[in-house]
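**Student:** just a sequence and a predicted model for now, questions to come.
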Amino acid sequence: MEKIVRFGVSMEKGLLKSFDTYIKREKYKNRSEAIRDLIRKELVSEEWEEGKEVAGCIVLVYNHHKRELVEKIMDIQHNFHRFVISTQHVHMDKENCLEIIAVKGSVEKIKSLYNSLKSLKGVKYSSISKATTGKKLR
């Protein structure tokens, strides 16, 4: 385990009050934990901006009755098979499905996969959750 380093942070009273409200709402045990988490979030964002190897999840909600949509989603995933780690398919109701696709690879390829999927006719909702491989974070 790495050695903990203590340092001071100065900020306006109002900003600190808002931060303390955020800490309570998000259920952090202390300010240090919250600051560490916020720093990591920024570092992950930086990994994505720099085009490094990253991980994440693509989420799709779609109408499975839409003609040939399921086959198109599968075809695209197979075309990007090196970047798709796992998928989970959930039947939301009689018509709608939720697909969660865990991905890992270059930002460029993951964004290309995401753009190919989200633009399909019949996809009602799509999002991408940016994560990290964890190699660069402590």
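**Tutor:** Received, thanks.

**Student:** hang on, isn't K124 packed against E95?
**Tutor:** No - K124 lies out of contact with E95 (Cβ atoms under 8 Å); the separation is 9.9 Å. Placement of C-beta: from N, CA and C, glycine included.

**Student:** residues in contact with both of these two, list them for me.
**Tutor:** Here K124 and E95 have N63 as joint contacts, going by Cβ atoms under 8 Å, 6 or more residues apart in numbering.

**Student:** and the top helix by length along the chain, how far from the chain's centre?
**Tutor:** The residue-count maximum for a helix in the chain (DSSP state H) belongs to helix 31-49. Its chain's C-alpha centre and that of helix 31-49 lie 13 Å apart, by Cα atoms, centre = their mean, to the nearest Å.

**Student:** got the buried residues for the helix or strand just after that helix?
**Tutor:** Downstream of helix 31-49, the first helix or strand assigned by DSSP states H and E is strand 53-63. Residues 54-60, 62 are the ones in strand 53-63 that count as buried (16 or more other Cβ atoms under 10 Å).

**Student:** next, the buried residues of the helix or strand following strand 53-63.
**Tutor:** Next helix or strand after strand 53-63 toward the C-terminus (DSSP H and E): helix 69-79. For helix 69-79, burial by neighbour count (16+ other Cβ under 10 Å) applies to 69-70, 72-73, 76-77.

**Student:** and stretch 9-20, by the same measure?
**Tutor:** Quick answer for stretch 9-20 (16+ other Cβ under 10 Å): F19.

**Student:** cool, stretch 37-53 as well?
**Tutor:** 44, 47-48.

**Student:** again, but for stretch 109-118
**Tutor:** Quick answer for stretch 109-118 (16+ other Cβ under 10 Å): 110, 112-114, 116-117.

**Student:** show residues contacting it.
**Tutor:** With Cβ under 8 Å, 6+ apart as the test, stretch 109-118 has contacts from 54, 56, 58, 60, 73, 76-77, 79-80, 82-84, 101, 103, 123, 126, 128.
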